[in-house]
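Novice: One predicted model, sequence on top.
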Amino acid sequence: MRVVVVTESFLPTVNGVTTSVLRVLDHLAARGHEALVIAPAGRGHDSYAGFPVHRVPSVAYRQFPVGLPNPSVAGAIAAFAPDVVHAASPFLLGAQAISAAARLGVPSVAVFQTDVARYAATSGLGATTASLAWRLVRRIHQQATLTLVPSTASRRDLEAVGVDRLATWGRGVDSVRYHPNHRHSPATAAFRATLADPDEVVVGYVGRLAAEKELDRLAALRGVEGMRLAIIGGGPSLPGLRRRLRHLDPVFTGPLHGSDLATAYASLDVFVHTGTTETFGQTIQEAHASGVPVVAPAAGGPLDLVRHGVDGYLVDPRHDHSLRRAVRRLVEAPELRARLGEAGRRAVVGRTWERLGDDLLEHYADARRSMAAALPVGPRSAEAPRARGLSTSN
């Protein structure tokens, strides 16, 4: 199969979209498929996993390069002659690619990953901007042959604004790299010593430091005795967080990757996720794989990932004292932390990228069958199999 992967984010920028795209490309390479990557301009990385990377002009927005629509996109897609176009978290660049695919008669699979509309609302841009963003989301995804959603909440949101032809596709997790056994390694012991005293419980966050992550909620942890807060990541909110959370005396480690990130997860006793606009929550899976219990808001992607009272706690996103109570309970109960952490590990150990990659290939096949069924090629077209989860109401 020949696949054009169009992504709004790619190396050297590292975030959830980039990571997901890299795992998809790894799987395509492992299964012997061919791919072309179209991505915003960035330093280096003209190829990945043996696949060429076609760069388009971009502008910087909040430390991210944002790809701009460019005439070369349609040309690159046409020249590659793909069987399917994969649009990762489509916005400006992805929208252009989906339109180009439709004109060329190529099926497209759009992966809904970034809740642009809710980000607009939480960033203080107002309800009007959020409404416009939802209309844009609908326009983009209704052009795609199939949209893949990562969670029940995301599916409900898209259905509410009139997007159909939906199917669910989650994310895999590396349960070898992220493993509870790392808690006993010398590297973890050394790293943990930089975070807290031996008798302190380490409560940590991992991820980008940005307004939509709502890390100000961590201020509610003031006065929880016996804990030390560790914030692992970087981003534009770092200076403000240093000021607003100074009463907690948190440790800011900066961004970590690879084995260093696995060591950081293994150094935590409790993982706290604060954002209410997450479409999935990959760091929750990584914490669970590391055997760490999770506290997260009962909103968005975490609703599918955290089983309340089994492998963590879902807290009321409207009241920060709910977050404080859950964290305090775990800080005070080491046996409870161990039990919930073990349950989290069991829940994710089978969610491998290999399995999710094979599921994605099936979705590609579904999109191709769906487009073939819609083409006016004679009586047999009406008998072609429908894509899984697709609506015929459109």
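Specialist: Arrived safely, thanks for sending.

Novice: Am I right that residue 340 falls within a helix?
Specialist: Yes: counting by DSSP: H, G, I helix; E, B strand; the rest coil, residue 340 is part of a helix.

Novice: Give me the neighbour count for the residue nearest to it when sequence neighbours are not counted.
Specialist: Counting by Cβ to Cβ, 6 or more residues apart in numbering, residue 340 lies nearest to residue 293, which is 3.7 Å off, once chain neighbours are set aside. The C-beta positions use only the backbone N, C-alpha and C, and glycine is treated the same way. Look at residue 293: counted by other Cβ atoms under 10 Å, it has 26 neighbours.

Novice: Identify the residues contacting residue 293.
Specialist: Taking Cβ atoms under 8 Å, 6 or more residues apart in numbering, we find residue 293 in contact with 270-271, 287, 311-313, 330, 336-337, 340-341, 344.

Novice: Next one: the closest residue to residue 281 other than its chain neighbours from residue 318, what distance?
Specialist: Spatially, and ignoring its direct neighbours in sequence, residue 281 is nearest to residue 301 (4.1 Å; Cβ to Cβ, 6+ apart). From residue 301 across to residue 318, the span is 18 Å (Cβ to Cβ, to the nearest Å).

Novice: For residue 25, grab the count of nearby residues.
Specialist: Residue 25, neighbours per other Cβ under 10 Å, totals 24.

Novice: Next one, pLDDT for it please.
Specialist: Predicted confidence (pLDDT) for residue 25: 98.

Novice: Would you mind identifying the helix or strand in this protein with the lowest mean pLDDT?
Specialist: Least confident helix or strand, the chain: helix 116-122 with a mean of 61, by mean pLDDT, DSSP states H and E.

Novice: Just give me how far the helix or strand just after it sits from the chain centre.
Specialist: The helix or strand immediately downstream of helix 116-122 is helix 127-143, counting by DSSP states H and E. In terms of Cα atoms, centre = their mean, to the nearest Å, the centre of helix 127-143 is found 20 Å from the chain centre.

Novice: per the record, what domains does the chain have?
Specialist: 2-172+353-383, 180-348 (automatic domain parsing).

Novice: These: lowest mean pLDDT?
Specialist: domain 2-172+353-383 - the lowest mean pLDDT of these, at a mean of 90.

Novice: contacts for the helix or strand containing residue 336?
Specialist: Using DSSP H and E, residue 336 falls within helix 334-348. Helix 334-348 is contacted by residues 173, 175, 180, 201, 269-270, 285, 287-294, 307, 310-312, 329-330 when judged by Cβ under 8 Å, 6+ apart.

Novice: picking up where we left off before, quick one: the residue nearest to residue 340 from residue 322, how far?
Specialist: Residue 293 is 16 Å from residue 322, by Cβ to Cβ.

Novice: Pull the residues that contact stretch 5-15.
Specialist: 17-18, 21-22, 24-25, 35-40, 42-45, 48, 53, 64-67, 73, 85-94, 97, 114, 208, 255, 257.

Novice: In strands, which of these fall?
Specialist: Among these, DSSP state E puts 35-40, 48, 53, 64-67, 85-88 in strands.
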